[in-house]
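> Make a model of this:
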Amino acid sequence: MKKIILILSLLLLVSCMNDVPENAEKPPKTVENPSKSEENPPEQKVALRPMVMVDGKIYLDTGYVNSYATCGTADGEIKTTVDPTEKPKQNDESNFGTDYEYQRWTEGALNVMMDHHWVIFVTEEYDRDIPFGVANLKAEIMKIDMDKIMVRILEFPEEESTYAFQENDVEKLKPLWLPVDKIIEVEKIDDHIVGKKIHVYFYGVKNENMATSAPMELVEVYRIEIIEG
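As a prediction, the model looks like this:
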């Protein structure tokens, strides 16, 4: 008897399915509603250039180390900070932290002690591409060797005599190795640059030992400009 009832139930179910019209509207697929954050994602805040406010002015990090200011008394200290995505709003405030000493430098420039170096910060109105205080020299390219050039130091500019070298007499200095990739505004680096004069902006000297014959190298080269030749 149970088998008969089961068979009749199945026949009835099949009959009902066949009665569904062909053009009957199909049930919509279930779609998860996008969250509000996906419809209108929050605007991503971007970290600003490191900056500090002193004497009511905003000073921006240049990334250059001051080779001349090797000592001296600090004029103040950064006491408060804001988020890296914001600008300082009051004196002695930065957007990169606190407890950094600073020292007033030239007009429109400030030194901030970071990682044991005076790093140069300048105002937006500062009128020099390379801040005063960055070590620099003029040289002549002697030869090119793969990713390096060997140069002969010609002079330290009179208005910015560098304190980076222990020996400032260029006649006594050894040749210097410089990285090729720091040469700017030159389409092709090959033997055609040999003999040209260059202006080099840098920080520090690695091996100035005059007792060895090995060429000197610099701690960091910021840029190399071909100026004539």
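> if I look at residue 143, how far off is residue 228?
18 Å (CB to CB, to the nearest Å). To be clear about C-beta, it is placed using only N, CA and C from the backbone, and glycine gets the same treatment.
> again with residue 144
18 Å.
> One more: residue 186?
13 Å.
> what about these two, which has more around it?
The neighbour count for residue 186 versus residue 228, taken as other CB atoms under 10 Å, is higher for residue 186 (14 against 9).
> and the longest strand for the protein?
Across the chain, the longest stretch assigned as strand under DSSP state E is strand 216-228.
> Look up the closest residue to the residue positioned nearest the centre of the chain, ignoring the ones flanking it.
Most central in the chain under CA atoms, centre = their mean is residue 63, positioned 7.5 Å from the mean C-alpha point. Sequence neighbours aside, residue 119 is the residue nearest to residue 63 in space, at 7.4 Å (criterion: CB to CB, 6 or more residues apart in numbering).
> three-state assignment of that neighbour?
strand (DSSP: H, G, I helix; E, B strand; the rest coil).
> ok, now how distant is the nearest residue to residue 175 once chain neighbours are set aside from residue 152?
The spatially closest residue to residue 175, leaving aside those adjacent along the chain, is residue 215, at 4.5 Å (CB to CB, 6+ apart). To residue 152, residue 215 is 10 Å away according to CB to CB.
> so what's in contact with those two at the same time?
Residues touching both residue 215 and residue 152 (CB atoms under 8 Å, 6 or more residues apart in numbering) are 175-176.
> Understood, closing this out.
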